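[1] Sharing a model that was predicted from the sequence below.
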Amino acid sequence: MRKVFKNQRFMSRPSEALDRCSIKYLILISIFFFSSPTSAATRNWSVSSGNWDAPASWGGTVPSSTDTADINNMGTATVNTSGQVAGTLNLGQTTSGNSLNINSGGTLTISTGSNMATGTGSTGQAIIDAMSSSAATWHTGTGTFNVGESGNATLTIQNGGTVNSAGVSIAGNSTSTSTATISGSGSTWTATGKSYRTRKAGGLTVVSSPKGCHC
């Protein structure tokens with residue numbers, strides 16, 4: 001009986017060792033899976049009009065700070081709340097009628113860069129309107145803010161709205177007639193890179209704004 005008992009114990013040891021190894025591998029796999037960084041994705045605006053922070057507006061997932069946000073369906077995105085983000089924003093690539101409204105209390109922060117009306121025949125319109133109330137702010141990213149490349153863009157900063165950019169390009173190609181307008185008390189456009197550039201067809205207009213364009 002003792003001999004059988006010892007054999008049984010001896011035979012169970014490889015199984016115990018195997019179980020311990022399996023558990024270790026499972027733990028390592030779990031650590032790797034849950035610690036792996038989330039890859040950036042492209043989020044496409046999918047409604048004719050809606051709020052930026054609504055998942056349904058983006059087909060189910062609101063952009064993160066590393067995602068590319070594309071508004072190219074002739075739709076209008078509205079930012080009414082603070083803390084909205086994206087890695088890159090493209091407002092109008094191949095279509096017309098694409099719009100972005102940042103209203104009182106809204107803040108949109110883009111990590112890398114913002115581009116409006118990039119392709120021939122495309123249009124993009126952005127209105128940053130604080131409505132003389134709470135702040136409306138657009139941080140356009142660390143790259144050059146392109147207000148119209150081959151297409152036509154219209155940027156309006158009014159009633160205390162604020163835009164913060166690095167370099168600025170308005171009407172990047174000779175075919176573009178893109179414009180930017182700053183109006184109303186307290187409206188500000190600050191370009192830290194101080195590389196404002198515009199083609200002959202495009203332009204910047206500052207209307208009765210005590211702060212104006214710091215670029």
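    Cool, got the structure. Predicted model, so just to flag it, every value in this text is computed and none were measured. Numbering: from 1, shown residues only.

[2] Outside of stretch 53-61 itself, list whatever touches it.
    41, 43-47, 50-51, 62, 69, 77, 79-81, 84 (C-beta atoms under 8 Å, 6 or more residues apart in numbering). (Each C-beta comes from the backbone N, C-alpha and C, glycine too.)

[3] from the residues you listed, which would you call buried?
    Those of the contacts of stretch 53-61 that meet the buried threshold are 43, 44, 45, 50, 51, 62, 69, 77, 79, 84, by 16 or more other C-beta atoms under 10 Å.

[4] Residue 175 is in contact with residue 122, isn't it?
    No. Judged on C-beta atoms under 8 Å, residue 175 makes no contact with residue 122 at a distance of 11.3 Å.

[5] if you count what's nearby, which of those two comes out ahead?
    Between residue 175 and residue 122, residue 122 has the larger neighbour count (other C-beta atoms under 10 Å), namely 25 against 15.

[6] mind checking which helix or strand of this structure has the lowest mean pLDDT?
    The helix or strand of the chain with the lowest confidence, counting by mean pLDDT, DSSP states H and E, is strand 196-198 at a mean of 43.

[7] any residues in contact with both of residue 175 and residue 122?
    Contact criterion C-beta under 8 Å, 6+ apart; residues shared by residue 175 and residue 122: residue 150.

[8] Check the secondary structure at residue 66 for me.
    Three-state call for residue 66 (DSSP: H, G, I helix; E, B strand; the rest coil): coil.

[9] what number of residues lie near it?
    Neighbour count for residue 66, taken as other C-beta under 10 Å: 16.

[10] roughly how far apart are it and residue 79?
    Distance, residue 66 to residue 79, by C-beta to C-beta, to the nearest Å: 19 Å.

[11] Ok, residue 72 next?
    The value you get for residue 72 to residue 79, if C-beta to C-beta is used, is 18 Å.

[12] now residue 108
    5 Å.

[13] so what sits against both of these two?
    By C-beta under 8 Å, 6+ apart, residue 108 and residue 79 have these common neighbours: 52, 100, 102.

[14] out of those residues, which are inside strands?
    Mapping those onto strands (DSSP state E) picks out 100, 102.

[15] Just name the closest of the shared contacts of residue 108 and residue 79 to residue 147, please.
    Residue 147 lies nearest to residue 100 out of the shared contacts of residue 108 and residue 79, by C-beta to C-beta, at 11.9 Å.

[16] Since that was my last question, I'll sign off now.
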